[in-house]
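# Next comes the sequence, and after it the predicted model I'd like to discuss.
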Amino acid sequence: MEKEVIWTAQAKEDLTKVYEFNSLILGEEKAYLLIEGLVEKIDVLYQRIPGGTRYISDLNPEINYQKLIHGKYLIFYREEENKTYVSKIFDARQNPEKLKL
């Protein structure tokens, strides 16, 4: 059974920031390929993923976040019934204290 994947406003904003930053450093073509790779990685969320990697938030420990890893990026999501919410995309090279999740 395919699930609905919903991008939060924060995740959309994060994706835009990733593109803008990397287009300055790597060029637009490579930045686009990076975004394409992140979106393809997120496409696996349309199916149920058994035993994903859990992430316990300091700000919201009651929310059961999970994460996917794509290169240097962490993709945080949560599942509720037949919906998956992509919550944040985070560059793991940053200070972890910047991860406000």
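Received, thanks.

# isn't there a strand covering Arg78?
Yes - Arg78 sits within a strand when classified using DSSP: H, G, I helix; E, B strand; the rest coil.

# residues contacting Thr53?
Residues near Thr53 by C-beta atoms under 8 Å, 6 or more residues apart in numbering: Gln66, Lys67, Leu68, Ile69. Any C-beta I mention is one placed from the backbone N, CA and C, and that applies to glycine too.

# Out of those, which end up buried?
Among the contacts of Thr53, those classed as buried by 16 or more other C-beta atoms under 10 Å are Gln66, Lys67, Leu68.

# isn't the first one right up against Ser57?
No - using C-beta atoms under 8 Å as the test, Gln66 is too far from Ser57 to be in contact (11.3 Å).

# Can you spell out which residues form a bridge with the residue nearest the centre of the chain?
Among the residues of the chain, the one closest to the centroid is Ile75, at 2.4 Å (C-alpha atoms, centre = their mean). Assessed by DSSP bridges, Ile75 has beta-bridge partners Leu68, Ile89.

# Would you give the sheet partners of the lowest-mean-pLDDT helix or strand in the chain, along with the direction of each?
Least confident element among the helices and strands of the chain, by mean pLDDT, DSSP states H and E: strand 53-55 (a mean of 82). As defined by DSSP bridges, the strand partners of strand 53-55 come to strand 65-70 (antiparallel).

# what sits up against the strand it pairs with?
Strand 65-70 is contacted by residues 37-38, 41-42, 44-45, 49, 52-57, 74-79, 87, 92, 101 when judged by C-beta under 8 Å, 6+ apart.
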